[in-house]
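> what follows is a predicted structure for the sequence shown.
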Amino acid sequence: MSIKYRKPKGTRDLMLLEMERWQWCESKWREVLARFGYGEIRTPSFESTSLFTRSVGSGTDIVDKEMYTFESKGGESFSLRPEATASVVRAYLENGLTRQPGTVKFYYMGPMFRYDRPQAGRYRQFHQVGVEAIGSSSPVLDAEVVRCATSLFEAVGADDLTVQVNSIGCENCRPSYVDDLRSWAQGKKDEFCDTCVSRVESNPLRLFDCKNEGCQKLLADFKPISEALCDDCKDHHTQFCDTLDALSVRYENDDSLVRGLDYYTRTTFEISAGSGLRQSALCGGGRYDYLIGQCGGPTTPAVGFSAGVERIVRHLYNQEYDHQRSRQSIVDVFVVCMNRQAQQFALQHADKLRSVCRVEIDTTDRGVKAQMKAAVSRESSVVLIVGDDEINNNQFQMKNMETGQQLPVSNEDLIAAVQEVLAK
RNA sequence: GUGGAUGUAGCUCAGUCGGCAGAGCCCCUGGUUGUGGUCCAGGUGGUCGUGGGUUCAAGUCCCAUCAUCCACCCCA
C-alpha cells in the first residue's frame, strides 16, 4: 500500500493502549497538582517570537536553532512554543494577576515544539507537564516545587530517580563569577574543545555542561560556582537543601548543573532516570526571579519545573510503541445486527442504553460469528442480538456473556434487564 | 548540522549462490439458516520504500534518493 501522507518528522500518533496510559497518567497528575494548590492554565501554542528570544535567551540552542518560527499574514513573527514558562509569565502579566494576593500557582500540560533531530525519547512535538509558582522568593517554595515534581513521579509509579540540585547565583554574585570564568578560560582556548571555545564568549557557564573529559579536567581547576555565591544566595541554597532534607527528598548537589535556559537564578534542579537510557532527563526546573521584570512586569520572584511526558511514559513501560495489536475501547453492551434494518432498529431502541452504559452497535455487515468475536474482544458483558424476528416482536435477544444465558427482552424492559446483568 | 543501522502483507519477520512473493499473527468466509477466546477447512491482502543502472533474469548486486530508528549535539 502506498500511503499518500505521512506524519511530519519527529511527531507521533497517540492512540489505543498508549492513549489509555497517557490518560491514566494525566488523571493522576491532575490529582497531585490540585493537592499542591495548582490550577490549570492553557496558553496558546504560539506566541510572539520575541517573547521567547527575550526570556529563554538568544545564545541558547533552543531559540538559536530549534524554534518553529513563521510570519503571519500581517507580517508579525510568531513561534510555536518551545517551552511553557515564558507563556505562563506573559499570561500572568497580561491578565493582571500581579495584584493577586499570595503566590499564584499554575500547572500546564500540553505540546511543545522544538526543531531537533529526532531520537530515542526526543521529538519535535513533545509534551510537558509542569508548574510555575509566582510571587514568593522563599527557598521553602523551591523545595515544595521539587517535592511536587517527585510526587508526580511517585503517583505514576516511577522510581529509580535521581534528583540533582545546584545554585547558579543571582545578579549580585553571578556576573563577576562569569567574568572570572570567561577571562580564565580565554587563556586556555587551545585546550578546550570547539564547542566550549564558542561558549566562552556566548555563555561561559555552559562550559560545565560539556561531557568532554578533557574539558572537565580543565574545569576542575576553576572554583565551582558554589564557592562564589553571595551570602544571600548561600543562605537560600542552604535553606532549600534543609527543607528537602526535612521532606526526606533524596538529592545530590551538582556544581555542573547549569541549565540551558537563560532565565534561571539561584536554584536549579533536574530529575533523571537511573536506568541506562540515553535521554535520561525527565524533568528540569529552577527559580527565575528576574524574568517577570524583564517581561515588563514588577520584579516578581518565581520558581517552576517542567517534565517530559514521553520520557516518563517510556521510563514506566520501557517501550514507546505497542507493536501488539492494540485493543479498541471497552464497552458494556455489544449489539449484534443481522442486517441493515436491524442496525437501524438497534440504534433507534438501544440509544437509551447510552444514558447508563457504554454501547457499541455493530454496523460492519459481517457474520454473526465475527460480531460475537468482536463482542468478546471488546470485553462486553451483555450482547444484544437483533434480526427480523426481533424487529417484528419489538424485542432484543439478550445474552449474558459470562453465563451464556440468553433470553428475549422487550424494549420496555431493556434498560432494567441490562442493568441487572451489569450490576453483577 | 555530523555519523551508523534498517526499509518485503494491517503487525512481527523469513527469503540461501541472482531463478514463480513466503510464514506466523490479525482480518473475512464456511464447518454451525442467527451465537464466543478452542479446533478444522478455505480465502482477502504486496508498486519487495522510491528512481535509475548491471543482467536472459534483481526482493537479492551497484548508484542515487526518501523515510524510519540509533548515536553525537542539545534537552524534556
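Structure received. Numbers count the residues shown, from 1 in each chain, chains lettered A, B, ... in the order given.
> give me the neighbour count for whatever residue of the stretch 1-150 of chain A ends up closest to RNA strand B.
Nearest residue of the stretch 1-150 of chain A to RNA strand B (CB to the nearest atom of the strand) works out as A:Ala120 at 3.0 Å. C-betas here are computed from N, CA, C, even on glycine. Residues within reach of A:Ala120, counting by other CB atoms under 10 Å, total 10.
> so if we follow the domain assignment, how does chain A break up?
Using automatic domain parsing, the domain parsing of chain A gives A:16-173+A:229-317, A:333-419.
> which residues does the residue positioned nearest the centre of chain A bridge with?
Central residue of chain A (CA atoms, centre = their mean): A:Gln128, 2.6 Å from the mean position. Beta bridges link A:Gln128 to A:Gly110, A:Gly308 when assigned by DSSP bridges.
> from what I see, it and A:Phe113 are in contact.
No - in this structure, A:Gln128 is not within contact of A:Phe113 by CB atoms under 8 Å, at 10.9 Å.
> which residues does A:Ser138 contact?
Counting by CB atoms under 8 Å, 6 or more residues apart in numbering, A:Ser138 makes contact with nothing.
> what's the nearest residue to A:Cys357 once chain neighbours are set aside sitting at in phi/psi?
Leaving out its chain neighbours, the residue that sits closest to A:Cys357 by CB to CB, 6 or more residues apart in numbering is A:Asp332, at 4.0 Å. Dihedral pair for A:Asp332: phi -90, psi -40, per degrees, to the nearest 10.
> and if you look at the one 10 residues further on?
The phi and psi values for A:Ala342, taken as degrees, to the nearest 10, are phi -70, psi -40.
> do you know how far the residue nearest to A:Cys357 is from RNA strand B?
13 Å (CB to the nearest atom of the strand, to the nearest Å).
> still on that earlier bit, mean pLDDT and distance to A:Asp179 added to the domains of chain A, as JSON lines?
Listed next are those as JSON lines, based on pLDDT from 0 to 100; distance: least, CB to CB, whole Å:
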{"stretch": "domain A:16-173+A:229-317", "mean pLDDT": "93", "distance to A:Asp179": "11"}
{"stretch": "domain A:333-419", "mean pLDDT": "94", "distance to A:Asp179": "65"}
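> could the ones you listed be laid out in CSV, adding distance to A:Gly10?
Shown next, in CSV, are the domains of chain A (distance: least, CB to CB, whole Å):
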stretch, distance to A:Gly10
domain A:16-173+A:229-317, 3
domain A:333-419, 33
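> ok now stretch A:213-228, how far from the chain's centre?
Chain-centre distance of stretch A:213-228: 33 Å, with CA atoms, centre = their mean, to the nearest Å.
> does the residue nearest to A:Glu310 when sequence neighbours are not counted count as helix, strand or coil?
Spatial nearest neighbour of A:Glu310, chain neighbours left out: A:Phe126 (5.4 Å); criterion: CB to CB, 6+ apart. Following DSSP: H, G, I helix; E, B strand; the rest coil, the label given to A:Phe126 is strand.
> and A:Phe126, what is it in contact with?
By CB under 8 Å, 6+ apart, the residues touching A:Phe126 are A:111-112, A:114, A:308-310.
> same check on A:Ala281?
Under the criterion of CB under 8 Å, 6+ apart, the contact list for A:Ala281 reads A:270-272, A:308, A:311.
> any idea which helix or strand carries A:Ala416?
helix A:414-422 (DSSP states H and E).
> is any residue of stretch A:56-70 near RNA strand B?
Yes - Stretch A:56-70 lies within reach of RNA strand B by CB under 7 Å from any atom of the strand, at A:60-62, A:66.
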